[in-house]
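In: let's see this in three dimensions:
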Amino acid sequence: MSDRPPAEELRRSVAVLATEWWLVGGVLAGYVTYGVWVIGTGIALDAFAPALATTSLTTVGQTAVTGLVVLAAVAWLLVPAVGAAWLLDRQLSNLSGNLVSQYSIDHPGVLPAPSGVLMLLAGAAALAVGPRTPVLVVMTVASVHLLVRTVAFGRRVYSFSYRPLFTALSAVSTAAFAAAWLVQAPGLPGPVGTRVTDAGVGTVVETGLGAAGIAPGTATGYLVAVPALLSGLYLVTQAVLARRIRAKAPLANPVKRAEQRYPIMPPVADSSRPGPPEPSTNGASAAATTDSPSTDAKSTEKQSSGATANTTEDSSHTRVFTTDEPIPDDDEAMAAVRGEREEQEDDGWIDDTAIFSPDGATSSDDECGSCGEEIPRESVTFCPNCGERIRR
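Out: A predicted model of the protein is given here:
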């Protein structure tokens, strides 16, 4: 967990805007592509099935539902919603680590903060001055960005993080944006407005506004605010559920996806690691009390044998000098160390495989093979000159 202050984390969240160029290009491309799709499908229906476009299929209240309205619900709302949700899910799916690398903020909760503040200011302006075009444009930009940041936040956190939920959130938000585009499309100037009218968009919009009983400007404001409302609802719900999960800490076995962060929890005790002994039951205590003499005897024997082994091992690997012995100099110490290493490497078969010469068997002195120093046979097995071990 980072110790960065909230102001620093908020600055990092704003700095992430420089990496979200794909969002600007995607929104502009989607706006143009959606317009071409609406005009093309509307004109195609009027050209190939003109009777279906005007035929009343059913009635909802006092509003007749024609074939063109059904086409608008499927081709102009449902299909774009599915396509945009798939694209956003692919962009934020962390297939190549892009989610973690791009939104690598220690506190993901600050991700929706910039666009959330902008959306609140634009909403307050819309309530104060009405649904004017500049205000609606700012609301749309803030709502789109808040949706993207909320999905990124939801994928990064541990609590209440379900990918189907984010797909549904993106799909419903895209359908709301598409409906807002349809409401504003009949007012487009020039040849584009004419094509939109030929595609029957005006008829569909009049049917929808008549059924809802609201004005076009108000409907646009409501529609562009839908993603922000859904994002805010998710953020509040996630905060409540995250607090409840933290209250149940520690989690025994938290499972997460690759792009998620582990929940902030106290450490979980690991049974595989050594720790204080667990208290035994009454039966086990009684058995331990009954068997205490034999157990103590065995423990004493084990401790004695262990102490003997440790003493033997220590004496075999450590040379102890008493007060009545002179302290060796560096050369003697190095010679002793080399001798101990050679003794450790000794395979125990040197005496049995030694080769004796007739002269060597009767001579009184041995000669060091390294420096040529004569060494009495009664002397130590190390050369006092160079410290090399004497093979006898």
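
In: below-threshold pLDDT in the stretch 251-392 of the chain: ranges please.
Out: Applying pLDDT under 70 to the stretch 251-392 of the chain flags residues 262-367, 369-382, 384-392.

In: where along the stretch 1-150 of the chain do the strands fall?
Out: 56-60, 63-66 (DSSP state E, counting those that start in this stretch).

In: helices or strands next to the last one in the packing?
Out: Yep, that's strand 63-66 we're talking about. With contacts taken as 3 or more CB pairs under 8 Å, 6 or more residues apart in numbering; DSSP states H and E, strand 63-66 sits against strand 56-60, helix 201-212. Where you see a C-beta, it was placed from the backbone N, CA and C, and this is true even at glycine.

In: could you list the paired strands of it along with their orientation?
Out: strand 56-60 (antiparallel) (DSSP bridges).

In: domain-wise, how is the protein divided?
Out: Domains of the chain are assigned by automatic domain parsing as 8-247, 316-392.

In: returning to that earlier point: which one of the helices and strands packed on strand 63-66 lies nearest to residue 6?
Out: helix 201-212 (41.4 Å; CB to CB).

In: next, the buried residues of the closest one.
Out: 201, 202, 203, 204, 205, 207, 208 (16 or more other CB atoms under 10 Å).

In: ok, of those residues, which one's closest to residue 132?
Out: Distances from residue 132 to these, taken by CB to CB, are shortest for residue 205, at 19.4 Å.

In: check contacts around residue 4.
Out: By CB atoms under 8 Å, 6 or more residues apart in numbering, the contact list for residue 4 reads 12, 106, 107.

In: residue 201 too?
Out: Residue 201 touches 38, 42, 72, 182, 185, 186, counting by CB under 8 Å, 6+ apart.

In: switch to 10 Å and redo it
Out: 35, 38-39, 42, 68, 72, 76, 181-183, 185-186, 188, 193, 195 (CB atoms under 10 Å, 6 or more residues apart in numbering).

In: of those residues, closest to residue 171?
Out: residue 76 (14.0 Å).

In: how many residues are close by that closest one?
Out: By the measure other CB atoms under 10 Å, the count of residues near residue 76 is 25.

In: so residue 185 is in contact with residue 193, correct?
Out: Yes: when contacts are counted by CB atoms under 10 Å, residue 185 is listed as touching residue 193 (7.8 Å).

In: which one of the helices and strands packed on strand 63-66 lies closest to residue 18?
Out: Here helix 201-212 is closest among those (CB to CB), at 36.8 Å.

In: now do residue 26 against residue 185, distance only.
Out: Here residue 26 is placed at a distance of 20 Å from residue 185 (CB to CB, to the nearest Å).

In: right, I mislabeled it, should have said residue 50
Out: Counting by CB to CB, the gap from residue 50 to residue 185 is 21 Å.

In: between the two, which is the more surrounded one?
Out: Neighbour totals were compared for residue 50 and residue 185, and residue 185 leads with 22 against 11 (other CB under 10 Å).

In: mind listing what's buried in the longest helix anywhere in the chain?
Out: Assignment by DSSP state H gives helix 216-247 as the longest helix of the chain. Neighbour-count burial for helix 216-247, counted by 16+ other CB under 10 Å, picks out 216-217, 219-232, 234-235, 238, 242, 245-246.

In: repeat that for stretch 129-140.
Out: 131, 135, 136, 138, 139, 140.

In: so which of the residues you listed are in helices?
Out: 135, 136, 138, 139, 140.

In: which single one of these is nearest to residue 114?
Out: Using CB to CB, those come closest to residue 114 at residue 138, 13.2 Å.

In: can you get me a residue count around residue 103?
Out: Residue 103 - counted by other CB under 10 Å - has 22 other residues nearby.
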